[in-house]
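[1] let me see the structure of the following:
(chains A, B, C and D)
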Number of protein chains: 4
Amino acid sequence: MSYNTFGRLFRFTTWGESHGPALGATVDGVPPLLEITEEEIQVFLDKRKPGQSKYTTQRREPDAVKILSGVFEGKTTGTPVQLMIENTDQRSKDYGDIAERFRPGHADFTYMEKYGIRDYRGGGRSSARETAARVAAGAIARKVLGDGITIRASMVQMGSHKIDRSRFDWAEVDRNPFFCADAETAQAWATELDAIRKAGSSIGAVIEVVAEGVPAGWGAPIYAKLDADLATALMSINAAKGVEIGAGMEAATLTGEENADEMVPGANGGPQFMSNNAGGILGGISTGQPIVARFAVKPTSSILTPRKSVNTRGEAVDVVTKGRHDPCVGIRAVPIAEAMMAIVLADHMMMHRAQCG
Amino acid sequence: MSYNTFGRLFRFTTWGESHGPALGATVDGVPPLLEITEEEIQVFLDKRKPGQSKYTTQRREPDAVKILSGVFEGKTTGTPVQLMIENTDQRSKDYGDIAERFRPGHADFTYMEKYGIRDYRGGGRSSARETAARVAAGAIARKVLGDGITIRASMVQMGSHKIDRSRFDWAEVDRNPFFCADAETAQAWATELDAIRKAGSSIGAVIEVVAEGVPAGWGAPIYAKLDADLATALMSINAAKGVEIGAGMEAATLTGEENADEMVPGANGGPQFMSNNAGGILGGISTGQPIVARFAVKPTSSILTPRKSVNTRGEAVDVVTKGRHDPCVGIRAVPIAEAMMAIVLADHMMMHRAQCG
Amino acid sequence: MSYNTFGRLFRFTTWGESHGPALGATVDGVPPLLEITEEEIQVFLDKRKPGQSKYTTQRREPDAVKILSGVFEGKTTGTPVQLMIENTDQRSKDYGDIAERFRPGHADFTYMEKYGIRDYRGGGRSSARETAARVAAGAIARKVLGDGITIRASMVQMGSHKIDRSRFDWAEVDRNPFFCADAETAQAWATELDAIRKAGSSIGAVIEVVAEGVPAGWGAPIYAKLDADLATALMSINAAKGVEIGAGMEAATLTGEENADEMVPGANGGPQFMSNNAGGILGGISTGQPIVARFAVKPTSSILTPRKSVNTRGEAVDVVTKGRHDPCVGIRAVPIAEAMMAIVLADHMMMHRAQCG
Amino acid sequence: MSYNTFGRLFRFTTWGESHGPALGATVDGVPPLLEITEEEIQVFLDKRKPGQSKYTTQRREPDAVKILSGVFEGKTTGTPVQLMIENTDQRSKDYGDIAERFRPGHADFTYMEKYGIRDYRGGGRSSARETAARVAAGAIARKVLGDGITIRASMVQMGSHKIDRSRFDWAEVDRNPFFCADAETAQAWATELDAIRKAGSSIGAVIEVVAEGVPAGWGAPIYAKLDADLATALMSINAAKGVEIGAGMEAATLTGEENADEMVPGANGGPQFMSNNAGGILGGISTGQPIVARFAVKPTSSILTPRKSVNTRGEAVDVVTKGRHDPCVGIRAVPIAEAMMAIVLADHMMMHRAQCG
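    Sure, this is the predicted structure:
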C-alpha cells in the first residue's frame, strides 16, 4: 500500500495522466477462474463517465476499457490484469496560461513544490481521471466478492440539503442524474444545481456507500482495521475532506446508552443487532451488519469567479476557469466510492481467508 | 502497512494484550544518531496514563517504558528500537462473566467471530492499552521530525458542547484535565462530565490535532496521500468513528468561492494562503500551512445501565460494566492523536527524502 | 515486494503474457526530473531481443517500448511510468497439442496445479518474455543511479567451459554473440554451441554481473540485505538455479585466513581492500568495492529429443519441442541480470537516503 | 518485507543486539487456535544454542524464550506473538579495542559507514545472535504448516570435504555435533575440525535443507517465486555467500536432456517425477516433489592469526580475535536454515490460500 498501489492481497496500481495517451490499472492478486469481460467492467465505467448530464463536466470520453493481460478465454488466470483506458478527448489548446498559474484549491502548487515539475495539462496525475482506473479495478473486486455481497452508494447531501431518510430507496439511485436514493430530493437538487451551474459556481456533497452481505469476522486489527482501510480508501478520492463510519462525527454527541448497539438472539443462532451506530464494524472487524461509510467532497475550485492566486514566479494573478467544469463533483464520486468499497472488501476477504482459513 | 504494523519507512509493529505480561512496539527504519532516552518517551506516556484525574479510568499503571534495543550510548543506531511496557495492574479477578458475554459496542463479538478465540481479560488485544505503544513510538517520531515541527492536539468538543474558537489557546491545553485549548469550556465540561460520571454514563468527543512547520511537498499521491494516511491513522484509534481534514464534513456545504483557499505573494517568495479550508493538504501533498485534522470518538460502552446482549451460547443476557471506567475516552485520545500525527509525518518526511532527495 | 511487484521504494510491477496483446511494467517511486526517452530504453531492450544471432530463439519481435505515463516534456514527473511493449510475433498456430501436454522442466504443470487454468500459448505468464519488461524498468533504474555507477554483465561459463579470468576484458562483451568478456573463449563457445544447436539440444550457463562505483553503506539489514536482495532478484530470472555473491559456493572451501578481505589505509582516508571475496558486501551492506554476483541458469527444456511426460488427463505422452528454440538461454539472461542489478541498487540508494539522509 | 521484517502474510520482525538486555521476534499473521508452548519453541532454540560442543562458540546462554503476547490459554489468538530471549552472558570486558578496529570480514566497517554509529559489543545487531529470534519464529511456522510437512537440514560439506550421498540418512543428523546425515563423514570432520580449531583457524561449509510433503501449487510468480523467496531467506543468514535450488550451480553444466525432470503417470493420478533437478520448484511454484535448497557459508573471520586492517581513524592495525569463537559457523546454521525454510513455506501456504482458496 504505497504511493500508487492500493491493497495488500487484492491490490492494484494505477498509472496515467489526464492528457497522456492512456491510463490504467494493474490489478494483482486476482483469484483465478473468475469470469470477466470488458463489457462487464464497462458498465461501471459508464456510470462514472463524464458528460452524461448537464450536471457533470462536458469532457466527452468513451472511457473504453481494454483487458491487456491476466484473462484467458474469458477467465482470470491468477496473473496480473492490466486494464487500459485510452484518452481520446485531449483537446489541443494553449496551456500556457494554466502552466504558469496555480489554481487555488488545486494540487497545482503542491505537485510543483514536491516534484519541481508537473504535467499541467488537465491536472496531470492529480486529475480525477485517475479514478476511472479505480472503477475498472472495482469491477474485478466485485467478481472476487461474488453475488452474495451488494455494494451501493448514494449521494445523500448536496450543499446543506440532505436527503429525507424516510424516503430512502436504492431503486431510485439509477433514475436521477445525482445517484440519489430519494427521488424528491433529487428533483430539488436539480433546481438548486442548475442555479449553481449557471452562476459558474460549484457546491460540495456527501456520499454514502453501503455494503450488505458481508459476514462477521472480516478486518485485520490493529493497523488494517476495516474502518481504517475504508477511511484511507475514501479519503484518497479526489476532493474528499471527511470520512465517517456508522454514526460518524455525530458519535461525539451520543451517550454510552445511545451509542452502543444492543443485541438480542437472532434467527440463525447469532445475535440480532437493534441498531447500527457502529456502521457494521467493531474493533476494526465486521459485525455482519451492513457496512456504512460516508464521505464529504469539497466543491470544485474550477469556477467562473476570479480568484486570487500566484504564478510560478511568485507574482499575484487572478485565476478564472473557463470552459467545461463539474458543478458538483460529488455526483461522479458515487461509482468511485462503490469501487473503493468493493476493493477494500475483496482485500479483506482474502486476508481473512489467508489467516483464518 | 499490514495488520499490526503501521508506516512504510518509519514504521512500527505493536504487540501485547491488556492483561498479558507486557506490551510494546518494535520501531523500525529509525534514522541513526538521534538522541533519545527513556525519560523523554516517558513524558508522553505520562500524558496518556490512566488514573490522572477523576475523568479517566482508575486503572493505575506506571506505564514505564524500557528501551530494549536500537539505542546505544544514548543514540539510535539505525536498528530496530524495541519499546516495552510491562503490565502491572492486572487485578486478579473472576473473568467468568465477561468471558461468556459480549459487551454491546465492544469488539468482544467480532474478535470471537474472526478468530474463534479471544483473550477476554480487559479486552485483550482490542483494549486501548495498545495505544500506549503508539505513544511511545510517537516520541521517537518527534525526534525524527526535529524541533522545527510542532504537533499539538486539543479536545474541541465533548458531547454537543464545542469549544469557543475565539478563546483557543494552546497554552491552556496542559492546564486542565481535558487537554482543552479553551479554559472556560474546560470548566463547563468539568461540571457536565461530573454528572455523566456519577450517572455511570459516558459521552463522545472530538479531538483536533495540528502540525505546524511542515514544509510544502510532503505526501505521496495517489495511495499514500498525506490526508489519506492521516485518515487511516486516526480511524485506527480505538472508538474513532469519523475523521476530518481542514473543513472536513462541512466542506460539503461550501461553494467553490467559499472553499478554495486563495493565495497572495508571501514574504519568502512562496504564496501566502488567505485561509486554510484545505487543512494544509492539496492533492494529498502538504501546502506548507498547518496540517489540521479532527476525529470523533464514540462514548465508551462500559456504563452502569444494563444493556441487552447475547452470550457465547447465543442466549439473551444483560450486560452491566462494574468498576472503573472512562466517562469520556476522548480525553486520553489526545496524546494518541499527537503520536499518530507525528508518526505519519515522520514516515512522509522519509518518503519525500527517498524520492525527491 | 509481492507477487508481480519488485522493490520497496524504486519498484515496478510487470504484467502481460507471451502471446497476449502486450506486456509491460508500471514503475513507481521514480524520482522526478530525470531525463529519459524511449530511445534510451530501447537500447537495452535491443540487447535482450531474440533473433539476433543463430544462438538465440528465432522469434522475431521488435520489442518496441512506449512510455505511456510519468514522463512529461522528456523528464520524469515522479508519477508512475508505464512502459508498454506490444507483442507482434504471435504466430497463429494450433496450440491444441501444447495445451494438453506438460513439458518437462517447464512451469506448465505447476501453473495448472496452482491456478487450475493456464494461458498455454508460448508459456503465458511464465514465458521469459516477461523479462523484457524488467529490462525496460532497468533502464530507468540506471537513470536513478546516475553515471557514477557502472553495471556490466558477462556470461562466464557455458556448460562446463569457464572463461579464462586472465583474459577478462569488459570491452569484449559487445563484440561477440555471447556477451562474453573473454574473446578466445567466446570463439570456442561458438563452435560448441553450434554443435548443441544442430543436435537440437541445449546447455546451461553462468552469468556474472558487476556494479562498480557503489559507495559504502548501501544495504538494509537484516531482511533487506543487499546480497539477499540480489539473491532474490537473480533467482527470479527464468531458469536460474543458483546465486553467488563474491566467493560464492567456493567460500565453503576456504579457511578464515583465506577468506576475509584484509584492509590497509587507502588513498582517500577510507580503507583499501586487498581482495574481494566478500563481493563488495559485508553484513548486507556495501563496502565500496565492486558488487559481484553470479547466477547459474539451467538449459532450456525445449529440445528435439522426445521426453517422457504426462498430459492434462494424467496419461503418459512424449513431448518434443519443434521450431525455434534457445540453445543457451544464458545469453539473453545477461542484459536481464544487468537490469536486476540496477533495479536493486536504485532501490537501495533510495532506501539509504530515506533513513540516513 | 523490509529491513527487519520478513514475510508477507506469515511475517516476523526481529529486534535486539548481541549485548543488549534482550532480543526477540514479533510474529504477526499467525493463524488462531494453534497450540504452542514455550517448551516446544525451546527445543529448536536448544539445537542452535552455542556451547554445545567444542565445535561451536563457548559463549554460554540458556537462550530461554518467553512468549509475551498472542497466546492465550495455550493457543494462538491471531494477534502478534512476541518472543523474547534475554541476553545473560554479556561478559563485562573492555571493548575499547574492538570499538576502534574494523575486523576484516565483519560488518564492523559497513555498519559504521552506513549509520555513523555502531554497537560494537559482540557485533551488535550484525551478530549471529539475531538468528535465535528466527529459530523461535520458525517453531511457530512449523505449527502453521502442520505435521504433514517435514523440514530437515544437514551440513553436507565442510571445507572441500563433501558427505557421501550413498550414506545419507536423516536419522544420523541428531547423532553427531555437525548435524551431518552421513555418520562416517561426521567422524572425519571431527578430526579435521579439531585441527582447525586448535590452529585458531576456521572453515566454511554447505548446508542442505529439504522440505517434504509440500503440495504442488505453492509459490507466487513472478516476484514471490518460491525459489526466489528461499534465496533471499537463506542469503540473509549470517555468512551465507551462495544459494542453490535443486541442481544449483551445476545446472549450468547440464544439457537439456540431462536437466529436465521427466514425468510418468503416478499412483494418485498426478505425475511421478523421474528425477528432481528442479529441487521441487518449476516457474517459482512447487511441483509436489521435495523442496531442496543448499547454501554456502564462509568461515568466520574471528581467527587467531593476525590480519591487516584499519581503525576508525583510518590507521593501519593488526586484528586478532581472542577468546571464544566458532571454528565452523556452518554447524549452527543448520537449525537456522530449517527455520527459514519453515517460515517461507508458512508464508506461501497462506498466500496460496488467500488467492486460490
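[2] which residue sits closest to A:Ser301, ignoring its sequence neighbours?
    Nearest-residue entry for A:Ser301: A:Gly105, 3.0 Å, with adjacent residues in sequence omitted and distances by C-beta to C-beta, 6 or more residues apart in numbering or on different chains. (Glycine included, C-beta is placed from N, CA and C.)
[3] got the contact list for that neighbour?
    A:Gly105 makes contact with A:298, A:300-301, B:256, B:259-261, B:278, B:282, according to C-beta atoms under 8 Å, 6 or more residues apart in numbering or on different chains.
[4] just say helix, strand or coil for it.
    coil (DSSP: H, G, I helix; E, B strand; the rest coil).
[5] nearest to A:Ala133 among the contacts of A:Gly105?
    Closest approach to A:Ala133 among the contacts of A:Gly105 (C-beta to C-beta): A:Thr300, at 20.1 Å.
[6] can you count the residues close to the closest one?
    Counted with other C-beta atoms under 10 Å in any protein chain shown, residues neighbouring A:Thr300 total 26.
[7] again with the one 10 residues further on
    Counted by other C-beta under 10 Å, the residues lying close to A:Val310 total 23.
[8] wait, it touches B:Met263, no?
    Yes - the criterion here is C-beta atoms under 8 Å, and A:Val310 meets it with B:Met263 at 5.0 Å.
[9] what about the residue nearest to A:Gly213 when sequence neighbours are not counted, distance to chain C?
    Of all residues not flanking A:Gly213 in the chain, A:Ile149 sits nearest, at 4.2 Å (C-beta to C-beta, 6+ apart). Noted for A:Ile149: a distance of 23 Å to chain C, by C-beta to the nearest C-beta, to the nearest Å.
[10] ok, back up a step: any idea how far the residue nearest to A:Ser301 lies from A:Ser309?
    Per C-beta to C-beta, to the nearest Å, A:Gly105 is found 10 Å from A:Ser309.
[11] same thing with A:Tyr111?
    Taken as C-beta to C-beta, the span from A:Tyr111 to A:Ser309 is 15 Å.
[12] of these two, who's got more company?
    Taking neighbours as other C-beta under 10 Å, A:Tyr111 and A:Ser309 compare with A:Tyr111 leading, 30 against 26.
[13] show me what the helix or strand harbouring the more buried one is packed up against.
    Per DSSP states H and E: A:Tyr111 is located in helix A:108-115. Using 3 or more C-beta pairs under 8 Å, 6 or more residues apart in numbering or on different chains; DSSP states H and E, the elements in contact with helix A:108-115 are strand B:281-282, strand B:285-286, helix B:330-356.
[14] do the last one and chain D meet at all?
    No - figure legend: helix B:330-356 not in contact with chain D (C-beta under 8 Å from any C-beta of the partner chain); closest approach 11.9 Å.
[15] let me see the ranges of the helices in the stretch 1-150 of chain A.
    Ranges of helices in the stretch 1-150 of chain A, per DSSP state H, counting those that start in this stretch, are A:38-48, A:96-100, A:108-115, A:130-145.
[16] give me the contact list for the helix holding A:Tyr111.
    Helix A:108-115 is contacted from outside by A:98, A:101-102, A:118, A:120, A:123-126, A:312, B:216-219, B:263, B:271, B:281-288, B:352, B:356, C:32-33, C:77-78, using C-beta under 8 Å, 6+ apart.
[17] buried residues in the lowest-mean-pLDDT helix or strand in chain A, which are they?
    Every helix and strand of chain A was ranked by mean pLDDT, DSSP states H and E. The lowest is helix A:96-100, at a mean of 79. Using 16 or more other C-beta atoms under 10 Å in any protein chain shown as the test for burial, helix A:96-100 gives A:Ile98.
[18] cool, and stretch A:17-28?
    The neighbour-count check on stretch A:17-28 (16+ other C-beta under 10 Å) flags A:17-28 as buried.
[19] now stretch A:150-166
    Buried residues in stretch A:150-166 (16+ other C-beta under 10 Å): A:151-159, A:163.
[20] dump the helices and strands packed on helix A:108-115 into JSON lines; add distance to chain A as well.
    Output for the helices and strands packed on helix A:108-115, formatted as JSON lines (distance: least, C-beta to the nearest C-beta, whole Å):
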{"stretch": "strand B:281-282", "distance to chain A": "5"}
{"stretch": "strand B:285-286", "distance to chain A": "4"}
{"stretch": "helix B:330-356", "distance to chain A": "6"}
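[21] pick the most buried one from those.
    Mean neighbours per residue, mean count of other C-beta atoms under 10 Å in any protein chain shown, is largest over the helices and strands packed on helix A:108-115 for strand B:281-282, with a mean of 29.
[22] can you give the contact residues for it?
    Residues from elsewhere that reach strand B:281-282 (C-beta under 8 Å, 6+ apart): A:105-107, A:109-110, B:219, B:225-227, B:245-246, B:287, B:291.
[23] tell me, how many residues neighbour A:Asp227?
    Burial measure for A:Asp227: 30 neighbouring residues, criterion other C-beta under 10 Å.
[24] can the helix or strand containing it be found next to chain D?
    Assigned by DSSP H and E, A:Asp227 falls within helix A:226-235. No - Helix A:226-235 is not in contact with chain D by C-beta under 8 Å from any C-beta; minimum separation 14.9 Å.
[25] need the contact partners of that helix.
    With C-beta under 8 Å, 6+ apart as the contact definition, helix A:226-235 has outside contacts at A:6, A:209, A:218-220, A:240, A:243, A:245, A:279, A:281, A:284-286, A:291, A:293, A:295, A:337, A:340-341, A:343-344, A:347-348, B:223, B:225, B:227-236, B:240-241, B:243, B:245.
[26] tell me which helix or strand comes right after that helix.
    Next in sequence after helix A:226-235, counting helices and strands by DSSP H and E, comes strand A:240-245.
[27] direction included, what does that next one pair against?
    Counting by DSSP bridges, the strands paired with strand A:240-245 are strand A:291-297 (antiparallel), strand B:240-245 (antiparallel).
[28] now the last one, how far from the centre of its chain.
    If you compare the mean C-alpha spot of strand B:240-245 with that of the full chain, they lie 11 Å apart, counting by C-alpha atoms, centre = their mean, to the nearest Å.
[29] again, but for stretch A:303-317
    With C-alpha atoms, centre = their mean, you get 29 Å for stretch A:303-317.
[30] could you pull up phi and psi at whichever residue of the stretch 201-350 of chain A sits closest to chain B?
    Going by C-beta to the nearest C-beta, chain B is nearest to A:Gly283 of the stretch 201-350 of chain A, at 2.4 Å. Main-chain dihedrals, A:Gly283, degrees, to the nearest 10: phi 60, psi 20.
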